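**Q** give me coordinates for this.
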Amino acid sequence: DQDGIIRNSGYVRYSLRANIARHITKWLEIGTNQGFTHSTTKFANTLSYNTGVVRSALLFPPTYGPNMDTTTADDLNWLAANPAAYVRSAKDQLESVNYFSSSFVEAKFLKYFTFRQNLGLGYNDSHRNAYYDRHTQEGKSPTNGKASKATNIWKSVTAESILTYDQTFSKIHHFNVMGAFTIESDQWDNNSETASNFPDDLTQDNDMSRALNKAVLASDKGEQRLASFLGRLNYSLMDRYLLTASFRSDGSSKFSDKNKWATFLSGALAWRASEEKFIKDLNIFSNLKFRGSYGETGNQGIGAYRINSQMSTANYDFGGSMSSGAASVTWRGPVDENIKWETTAQWNAGIDMGFLDNKLTFTIDYYHKKTRNLLQEVKIPSSTGFSTRLTNSGNVTNEGLEMTLGYNVINGKDWHWDFNANIGFNKNTI
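**A** Residues are numbered from 1 along each chain as shown. Down below sits the predicted model:
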């Protein structure tokens, strides 16, 4: 429970959490993490450029007290509202209910295999209600009271099925193999309404039907999904030679059927040279590691229905008279049916060195990162009837070198003193 700096503003929250895990048998474990939150937020309009309590406090004549009669206060409302009107009667409140659940079942079988099933659930229900009466700048005559209501509901489900194989052969070959399937689903349902010109301020936003200027309605509802197949192999030989290879194939509901799926690969090699006898015999390095990697990631950062045309009401001439119909909205631009995933590929090579029992360390990294098929709005000729179009266009490349030097000055029982310095060089090409 926290009061705001401005009177009649603040935040109240009630939370309940539970975290439970238990081994049912030696090979079976279950667990869950549950969270529930109910919160109420009272907002204060702190705008200072046109309306709000801050502007009113700055501009309203200070010779008048907070308990002045409303007639005189309303006469001065052309300049600024009485600040007392905001802290006493202005209403802007958000009430939210949040629920989160993360549960798992993990089973071990055939000695080297582990299967884990994760399930995550999320739910958010928010209601925001606001009312500014006729003594505030927002609701003064001729507006005569301004009300708004909004409801936003968000639901999400995430399921992950993960199978892992882990085994060591001859004490020097270690394999860890993982395969997984995941799916994420999000749903939302939003609506809002505004109204003004109320006969009085008695019912505020609780009875929108009393408004002479009837409610302006807006709503939207949608769903988006992402499915993924994952695989990863980790291999180490004598804990010196390390190999990692992985892939993921993602399918997004945001793209058309022919471009819905995309596959991204990655791999890495590392050599702990300091574990080799001929390096130890040099008696120079306490750590020496060479590494290189390549990886790809995808970006699906567009609206859930962005590849679909959006229609709005439009009038057209038919038979010598105007008729009502529908036409594509111009601000979205024409649909690009070939739009696909944006992909970032990065190469990296580096060396890690340590001296004097790692008291002195030095790291050098070279990287080359290229993002292709950028998802962005591009300008198109106005003769098309549109001004922009969402499409895959352009590439961005970053190439550079980074070096880091570290030195442990003091490593005592009670305190430590470390010195670190780094320098980087980057070349960006668009």
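**Q** Y132 is in contact with G139, isn't it?
**A** Yes - look at Y132 against G139 with CB atoms under 8 Å: they come within range, at 3.9 Å. Just so you know, the C-beta spots here come from the backbone N, C-alpha and C atoms, and that holds for glycine as well.
**Q** who's more crowded, those two?
**A** Y132 (28 against 25; other CB atoms under 10 Å).
**Q** circling back: which residues do Y132 and G139 both contact?
**A** 145-146 (CB atoms under 8 Å, 6 or more residues apart in numbering).
**Q** what residues are bridge-paired with S148?
**A** Beta bridges link S148 to A130, T194 when assigned by DSSP bridges.
**Q** could you find the closest non-adjacent residue to N124?
**A** W154 (4.4 Å; CB to CB, 6 or more residues apart in numbering).
**Q** what secondary structure does that neighbour sit in?
**A** strand (DSSP: H, G, I helix; E, B strand; the rest coil).
**Q** show the contacting residues for it.
**A** 122-124, 186-188.
**Q** pull out the buried members of these.
**A** 122, 124, 186, 188 (16 or more other CB atoms under 10 Å).
**Q** so where do the strands sit in the stretch 201-350 of the chain?
**A** Under the criterion DSSP state E, counting those that start in this stretch, the stretch 201-350 of the chain contains strands at 213-237, 241-252, 261-272, 287-299, 311-318, 321-328, 342-355.
**Q** tabulate the ones you listed (TSV), appending mean neighbour count, mean pLDDT and distance to G4.
**A** Below are the strands of the stretch 201-350 of the chain laid out as TSV (neighbours: other CB atoms under 10 Å; pLDDT from 0 to 100; distance: least, CB to CB, whole Å):
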stretch	mean neighbour count	mean pLDDT	distance to G4
strand 213-237	14	93	28
strand 241-252	16	96	41
strand 261-272	16	96	46
strand 287-299	16	96	38
strand 311-318	10	81	40
strand 321-328	11	83	45
strand 342-355	17	96	41
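**Q** hang on, T404 packs against D352?
**A** No - counting by CB under 8 Å, T404 sits too far from D352 to count as a contact (9.6 Å).
**Q** quick one: common contacting residues for the two?
**A** With CB under 8 Å, 6+ apart as the test, T404 and D352 both reach 361-363.
**Q** so of those residues, which ones are in helices?
**A** Applying DSSP state H to these, no entry is found in helices.
**Q** now rank these by neighbours and give me the top one.
**A** Highest count within those by other CB under 10 Å belongs to T361, 19 neighbours.
**Q** so which residues of the stretch 51-200 of the chain form strands?
**A** 91-109, 113-132, 146-169, 173-196.
**Q** so can I have a markdown table of the contacts of W154 showing distance to N19 and pLDDT?
**A** Converted to a markdown table, these look like this (distance: CB to CB, whole Å; pLDDT from 0 to 100):
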| residue | distance to N19 | pLDDT |
| --- | --- | --- |
| G122 | 17 | 97 |
| Y123 | 19 | 97 |
| N124 | 21 | 97 |
| D186 | 25 | 96 |
| Q187 | 27 | 97 |
| W188 | 28 | 96 |
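**Q** out of those residues, the closest to F169 would be?
**A** Looking at the contacts of W154 and their distance to F169, the nearest is G122, at 42.2 Å (CB to CB).
**Q** how close does that closest one get to V97?
**A** Distance, G122 to V97, by CB to CB, to the nearest Å: 12 Å.
**Q** ok, of the shared contacts of T404 and D352, which one's closest to T71?
**A** Closest to T71, out of all of the shared contacts of T404 and D352 and judged by CB to CB, is T363, at 73.9 Å.
**Q** how much space between the closest residue to that closest one other than its chain neighbours and D418?
**A** In space, and not counting its chain neighbours, T363 is closest to T404: 4.6 Å by CB to CB, 6+ apart. Per CB to CB, T404 is found 12 Å from D418.
**Q** please say which of those two ends up with more neighbours.
**A** More crowded of T404 and D418, by other CB under 10 Å: T404, with 15 against 11.
**Q** you'd agree that one is in a helix?
**A** No - T404 is assigned strand when assessed by three-state DSSP, not a helix.
**Q** how close does it sit to F419?
**A** 11 Å.
**Q** what's the answer for N395, then?
**A** Taking CB to CB, one finds N395 at 39 Å from F419.
**Q** now do N348
**A** 26 Å.
**Q** repeat for E184
**A** E184 is 44 Å from F419, by CB to CB.
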